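Chemist: Starting from these lines, generate the structure:
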Amino acid sequence: MYHGLCNERYENYVTTDETRFYLDTSQLARDIYCVRNNELSEKECAVVTSTYYTAQMMQPLINHDIPRLFPDDETKEIVLHQDNALRHTARDTLAYMKENNPSHNIGRGGA
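Modeler: Residues are numbered from 1 along each chain as shown. A predicted model of the protein is given here:
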């Protein structure tokens, strides 16, 4: 399945989870970026609500990570792939994405 999905059609996909961003290339190489909040100890946990998700995950992704990961072409469409967790599909999360759509166009769903 990996080989079937790993081609140029999916080179602009960003797949997210609450702690990991996976970036696969069409050359069968995989870069895995883990983002951690160094201020939290491992014993403390945060409840990931839609408010937390947009402020702590999506805002840094849109403002810092996407421009860093795709620096050469600001007009390229970037597709954000997420699961259907409530925090990803909540009304305020979708409103945030609509209001803060960066110059990189993050779409919902497949190409």
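Chemist: what about the protein, any weak spots by pLDDT?
Modeler: 1-46, 73-76, 101-111 (pLDDT under 70).
Chemist: Just the endpoints, please. Distance across stretch 80-92?
Modeler: One end of stretch 80-92 to the other measures 17 Å (C-alpha to C-alpha, to the nearest Å).
Chemist: Please apply the same query to stretch 48-66.
Modeler: Here the two ends of stretch 48-66 are set 21 Å apart, with distance taken as C-alpha to C-alpha.
Chemist: Give me the buried stretch members for the helix ranked longest in the chain, please.
Modeler: Assignment by DSSP state H gives helix 91-99 as the longest helix of the chain. For helix 91-99, burial by neighbour count (16 or more other C-beta atoms under 10 Å) applies to 93, 96-97. In short, each C-beta sits where N, CA and C put it, glycine included.
Chemist: Next: stretch 65-82.
Modeler: 65-66, 70, 78-80, 82.
Chemist: Which member of these is positioned nearest Val48?
Modeler: The shortest approach to Val48 among the buried residues of stretch 65-82 belongs to Gln82, at 12.3 Å (C-beta to C-beta).
Chemist: if you skip the residues just before and after it, what's nearest to that closest one?
Modeler: His88 (4.4 Å; C-beta to C-beta, 6 or more residues apart in numbering).
Chemist: State the distance from that neighbour to Met57.
Modeler: 10 Å (C-beta to C-beta, to the nearest Å).
Chemist: what do you get for Arg68?
Modeler: Remark: distance between Arg68 and Met57 (C-beta to C-beta) = 15 Å.
Chemist: Likewise for Asp92?
Modeler: In terms of C-beta to C-beta, Asp92 sits 13 Å off from Met57.
Chemist: before we move on, what about Ile66?
Modeler: For Ile66, the distance to Met57 - C-beta to C-beta - is 12 Å.
Chemist: Give me the common contacts of those two.
Modeler: Counting by C-beta atoms under 8 Å, 6 or more residues apart in numbering, Ile66 and Met57 have no common neighbour.
Chemist: can you confirm Ile78 is in a helix?
Modeler: No - under DSSP: H, G, I helix; E, B strand; the rest coil, Ile78 falls outside any helix and is assigned strand.
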